[in-house]
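Enquirer: I'll drop the sequence and a predicted model, then ask my questions.
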Amino acid sequence: MLGGKYDMSHHDTQIETILAALEDECTTSWYKVDKKHGGDVRFLHLFGAAYLAAGAPRDATLYSGWEGTSLFYYFSPGCARFCQQLLADYSAVPCERPMPSRNLNRLAGALDCENLLSQR
């Protein structure tokens, strides 16, 4: 305690470290939404509006692809910065980066996004 007040500098540093780790997690994690949880025209419109409002980031793309008999929508890591509500509303879950294949299609977002699928 300094001068009758708590020294919060150490506490503030811990909070900043935690927030930085969470931000890093959000920008390196892929997310997916099962089509059965949504994925209708409204879903695509909401993504498009959020993407444009965020300034059309080059690291943000929405893909669709099949896993077995289920259709999923995949959000690249850059989407986490501006799609938090959409991810929550449509029950998105973290996932591995989807494998590039003929079953994976870019639906919206950055046009020059092929590097997003090959980044390690």
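Expert: Looks like it arrived, so ask away. Numbers count the residues shown, from 1 in each chain.
Enquirer: what are the ranges of the helices in the protein?
Expert: Counting by DSSP state H, residue ranges of the helices within the chain are 9-28, 41-53, 84-89, 114-118.
Enquirer: just checking, what packs against the second one?
Expert: Secondary-structure packing of helix 41-53 (3 or more CB pairs under 8 Å, 6 or more residues apart in numbering; DSSP states H and E): strand 61-67, helix 84-89, strand 104-109. In short, each C-beta sits where N, CA and C put it, glycine included.
Enquirer: what comes up buried for the last one?
Expert: The one in question is strand 104-109. Neighbour counts using 16 or more other CB atoms under 10 Å place 106, 108-109 of strand 104-109 among the buried residues.
Enquirer: Next one, pLDDT for the nearest residue to residue 93 once chain neighbours are set aside please.
Expert: Distances taken as CB to CB, 6 or more residues apart in numbering place residue 32 nearest to residue 93, at 6.2 Å, with adjacent residues excluded. Note for residue 32: predicted pLDDT of 91.
Enquirer: With residue 108 instead?
Expert: At residue 108, the model reports a pLDDT of 86.
Enquirer: check contacts around it.
Expert: 44, 47-48, 51, 61-62 (CB atoms under 8 Å, 6 or more residues apart in numbering).
Enquirer: okay if I get the buried residues of strand 104-109 as CSV plus distance to residue 71?
Expert: Below are these laid out as CSV (distance: CB to CB, whole Å):
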residue, distance to residue 71
106, 15
108, 15
109, 18
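Enquirer: Kindly indicate which of those lies nearest residue 74.
Expert: Nearest to residue 74 among these: residue 106, at 9.8 Å, using CB to CB.
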